[in-house]
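**Q** Starting from these lines, generate the structure:
(2 chains)
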Amino acid sequence: QQPVQSPQAVILREGEDAVINCSSSKALYSVHWYRQKHGEAPVFLMILLKGGEQMRHEKISASFNEKKQQSSLYLTASQLSYSGTYFCGTVEAGGYQKVTFGIGTKLQVIP
Amino acid sequence: DTGVSQNPRHKITKRGQNVTFRCDPISEHNRLYWYRQTLGQGPEFLTYFQNEAQLEKSRLLSDRFSAERPKGSFSTLEIQRTEQGDSAMYLCASSFNSYEQYFGPGTRLTVT
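**A** Next comes the predicted model:
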C-alpha cells in the first residue's frame, strides 16, 4: 500500500520553513525519508523506527506518530540546496523489509 | 568504498530483445533491492535479496523479469522480450540489515 504524501509540491524562499506529511493505512514498522535531485539517485535522509526518537539531519527533522501511521518531515530555515523531490518510504509492521515509496513532494527553494 | 555502482548507465534496445543490468552493492551490505522509477513517480519495489536469497518479488513483476544474486555479492536483473512499457530508470540499492538504503546511479532503459 503506497503511502500518501502532501503537499505534492511547494515553493519556498530561502530561510522559510516547510512541512511534508506522509501517511499510511497500514501499521508501520518504520518510515524512511529520501531526497532526490533531478537526474540523480535518491539520497537517504533519515529513518524513524517504531518506538524510536525524533530524528534530525542538519536542519531537517522528522517525527513518526505510530498510532496514526503518520510521519512529518520538517525543513527549517530552508537553503537552496534543499531543492529536490522528497520521498517517504514505509515498511509495514510484521513483513519483510520492503520499502514502499510515495509519489514524492517536489520542493523548490528560491532566493 | 565508493558506493553502489550500476552498469550500464544507459541502455537502448529494440522491443522484444533481452537486456541484463548489473548492480554492485556496498561490500559489507547484506541486503540488495531493485526498484523501477518512471517520471514523476517514486521508486517502485521490484525485488529484494538478503545475501543470496531472494526474499520477495513484487506481484507487479511479470515472468519476463528475473533477478539473481549469486554468492550474495553483485546482482543482475534480466528483462526478457522487452516491451515499450519497460522503459524506466532501474535503481539498485543496498543496506546492512534493515537500515538506510544506499542507491546506485541507476540504469536508464529505453525500449524502442
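
**Q** Look up how far chain A lies from the residue nearest to the spatial centre of chain B.
**A** The residue lying closest to the centre of chain B (CA atoms, centre = their mean) is B:Trp34, at 3.5 Å. B:Trp34 sits 11 Å away from chain A, going by CB to the nearest CB, to the nearest Å. For the C-beta atoms, the positions are set from N, CA and C on the backbone; glycine is no exception.

**Q** same check, this time on B:Thr13
**A** 21 Å.

**Q** Check B:Met89 too.
**A** 9 Å.

**Q** and that residue, which of the three is it?
**A** Counting by DSSP: H, G, I helix; E, B strand; the rest coil, the backbone at B:Met89 sits in strand.

**Q** what stretches of chain A score poorly on pLDDT?
**A** A:52-56, A:95-96 (pLDDT under 70).

**Q** ok, 80 please
**A** A:50-58, A:94-97 (pLDDT under 80).

**Q** cool, and chain B?
**A** Within chain B, the stretches with pLDDT under 80 are B:1-2, B:60-61, B:97-99.

**Q** For chain A, give me its nearest residue in it.
**A** Of all residues in chain B, the one sitting closest to chain A is B:Gly42 (3.4 Å; CB to the nearest CB).

**Q** element containing that residue, please.
**A** Assigned by DSSP states H and E, B:Gly42 belongs to neither a helix nor a strand.

**Q** Check the one 3 residues further on too.
**A** Assigning secondary structure by DSSP H and E places B:Phe45 in strand B:44-50.

**Q** What pairs with that strand, parallel or antiparallel?
**A** Sheet pairing of strand B:44-50 (DSSP bridges) gives strand B:31-37 (antiparallel), strand B:53-57 (antiparallel).

**Q** quick one, what contacts residue 45?
**A** Picking chain A for this. For A:Leu45, the contacting residues are A:33-35, A:57, A:60, A:62, A:73, A:86, by CB atoms under 8 Å, 6 or more residues apart in numbering or on different chains.

**Q** look at chain B instead
**A** B:Phe45 sits in contact with A:98-101, B:33, B:35, B:58, where contact means CB under 8 Å, 6+ apart.

**Q** do you know how far the residue in chain A that chain B sits nearest to is from B:Ser27?
**A** Nearest residue of chain A to chain B (CB to the nearest CB) works out as A:Phe101 at 3.4 Å. Distance of A:Phe101 to B:Ser27, computed by CB to CB, to the nearest Å: 25 Å.

**Q** So these two - more neighbours on which side?
**A** Using other CB atoms under 10 Å in any protein chain shown as the criterion, A:Phe101 and B:Ser27 rank with A:Phe101 on top: 23 against 8.

**Q** Let me know whether A:Leu28 touches A:Glu92 as I believe.
**A** Yes. Contact criterion CB atoms under 8 Å: A:Leu28 and A:Glu92 qualify, at 6.2 Å.

**Q** The two: which is more packed in?
**A** The residue with more neighbours, out of A:Leu28 and A:Glu92, is A:Leu28; 24 against 18, by other CB under 10 Å.

**Q** before we move on, back to that, residues touching the nearest residue to the residue of chain A closest to chain B once chain neighbours are set aside, list them.
**A** Leaving aside its sequence neighbours, A:Phe101 sits nearest to B:Gly42 (CB to CB, 6 or more residues apart in numbering or on different chains; 3.4 Å). Applying CB under 8 Å, 6+ apart, one finds that B:Gly42 lies in contact with A:2, A:87, A:89, A:101-104.
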